[in-house]
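Engineer: Build me a model from this:
(one chain, ligands or ions: 2)
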Amino acid sequence: MDTENRYIIKADHILPLLRKLQMQFEILAPIPGRGKDILFGPLKKIEDVIINYNQMLPSPKNILFPQIEYLFNYESKNIKEYKPENFGKILFGLHSCDVKSIKILSDFFLRQPIDNYFKSRLENITLINIVCTNPFDTSFCESTRSGPYLKSGFDLQLTPMENKYLIEIGSQKGAELIKNYRWFFKNIYKTEIEEQFEIFLQAEGKLNRGIDFSTVVKRIQNKEIEFSFWETLALNCVDCGSCTYICPVCTCFNVVDKAYSDNTGDRVRVWDACTYRGFTEMAGGSNPRKSLAERLRHKFLHKLLYTIKDFNYPGCVGCGRCDICFGHIGMYEVAKKIINY
Ligand code: SF4
Ligand code: SF4
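Structural biologist: Ligands and ions are numbered 1, 2, ... in the order given. Okay, here's the model as predicted:
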C-alpha cells in the first residue's frame, strides 16, 4: 500500500491551513448563500467555509469558463486582448464529480486550437476535493467513474475520517502545496489506508442510482432508438436551456460583438445551448436541426456517443444537476428510458 503520497491532517487544523493558504491564494469554497443555500464562492472569512454539506452546489464551470467572457476590445484596427486573471486560486471542497468535470472541460478546451483563456485559468488553479461520504440521492457518479472518490485528476483529495482527513497528492501542484505547509501534515499509518478503503466502499454503497452506460450506448449505436423517442421527449421540453447551463460539462458557446459604435466594441463569448434553435441557425434561416426533437437528440447523442468516441468517456459526470428539468428530461431519466425502450 502506498503511504508515500498520503498524509493525515487533523480536522481542527483545516481552518488554520486555509488561513495560511489565503495569504498566497484566492480560495473559492462552499459558503452560505441565501436562506439555506450553499454556494461555491470566494472565501472571505475562513470561518464561513462549509466542509460537511449534503447539498447540491452550482458547478465550478463558471470559474474556468465564465458565462460571459470579454475576449478583446476593438477600435477600428486596434485590438486589445483582455487577459484572464492569472493569480493563484484554490478550489477547496469540490465534489469529486466536479473535479472530473474540469478534466472533461480541459480535454475539450485544450485540444487544438488551444483555448488560452481556459488554459491560463487552469494553470493557476489548484483543485482540492473532498470524498463524498454521503452522496446525494440524485447522484450516479460511480456509473461515470467520477465519484464518490477519485483515483486521479485532483491536485489534493481529502477523505473525511474521525477527527481527521486523509489527504492524497494527485499532482505536482498538490505535492508543492504539501511541501510548503508540511508542518500541518502527519505521516500516515498503513491502517489508515485500510480505513480509507472501507470509507470508499461505504460511500459507493450509499449511492441510490446507477446507469449501465454501455447498454445505453449500444442501443443508440445499433439504431434501436427511433426518432419518435426524441419527439416524445420534446413534447415535455420548453427549450429553456437550464439543463445545459447547469451541466458542469456542457461547453456550448457563442461569440458575439458588443458594438459601442460603428467601429468600436468588445468581442464576447457567452454560454449557449445546443437545444436552442439559434445555435445552429445560419444566415438566411437555414437550420440543420430545425425541430426541438432533433436538437434534443443531438444533445444526448453528443454526450452519449460523440464524446465517448472522442475521449472514451460519456459527456456526463453523473452529478444529477439536470434533474432540475421539470419535463423529466435529465440524463438519468433519459438514459433509463433508453435502457427500457
Ligand atoms: S430538457 Fe428540460 S431543462 Fe433542458 S431545455 Fe428542455 S425543458 Fe429546459
Ligand atoms: S448531463 Fe446532467 S447528470 Fe450529467 S453531468 Fe450534466 S448535469 Fe450532471
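Engineer: what about the nearest residue to Thr280 once chain neighbours are set aside, neighbour count?
Structural biologist: Nearest residue to Thr280, sequence neighbours excluded (C-beta to C-beta, 6 or more residues apart in numbering): Arg289, at 4.9 Å. From N, CA and C alone the C-beta is placed, and that goes for glycine too. Neighbour count for Arg289, taken as other C-beta atoms under 10 Å: 18.
Engineer: Is it correct that Arg289 is in contact with Leu301?
Structural biologist: No. Arg289 is beyond contact range of Leu301, at 11.0 Å (criterion: C-beta atoms under 8 Å).
Engineer: Please report how far Cys250 lies from ligand 2.
Structural biologist: 6 Å (C-beta to the nearest ligand atom, to the nearest Å).
Engineer: How about the contacts made by that residue?
Structural biologist: Contacts here follow C-beta atoms under 8 Å, 6 or more residues apart in numbering; on that basis Cys250 touches Lys61, Thr244, Ala273, Gly315.
Engineer: Just to check, the third one is in contact with Thr244?
Structural biologist: The reference is to Ala273. Yes. Assessed by C-beta under 8 Å, Ala273 is found in contact with Thr244 at 3.7 Å.
Engineer: Return every residue with contacts to both of those two.
Structural biologist: Common neighbours of Ala273 and Thr244, counting by C-beta under 8 Å, 6+ apart, are Cys250, Cys252.
Engineer: still on that earlier bit, helix, strand or coil for the residue nearest to Thr280?
Structural biologist: Here Arg289 is coil, with the state taken from DSSP: H, G, I helix; E, B strand; the rest coil.
Engineer: All the helices of the stretch 1-150 of the chain, residue numbers only.
Structural biologist: For the stretch 1-150 of the chain, the helices defined by DSSP state H, counting those that start in this stretch cover 14-22, 61-64, 96-109, 116-123.
Engineer: So for the residue in the stretch 1-150 of the chain that ligand 2 sits nearest to, what's the pLDDT?
Structural biologist: In the stretch 1-150 of the chain, the residue that lies nearest ligand 2 is Ser101 (6.5 Å; C-beta to the nearest ligand atom). pLDDT for Ser101: 97.
Engineer: For it, which non-adjacent residue is closest in space?
Structural biologist: Leaving aside its sequence neighbours, Ser101 sits nearest to Pro248 (C-beta to C-beta, 6+ apart; 3.6 Å).
Engineer: so how many other residues sit close to Asp12?
Structural biologist: A count of nearby residues for Asp12, using other C-beta under 10 Å, gives 9.
Engineer: Now do the same for the residue lying closest to it once chain neighbours are set aside: its pLDDT.
Structural biologist: Distances taken as C-beta to C-beta, 6+ apart place Asn163 nearest to Asp12, at 7.8 Å, with adjacent residues excluded. pLDDT for Asn163: 96.
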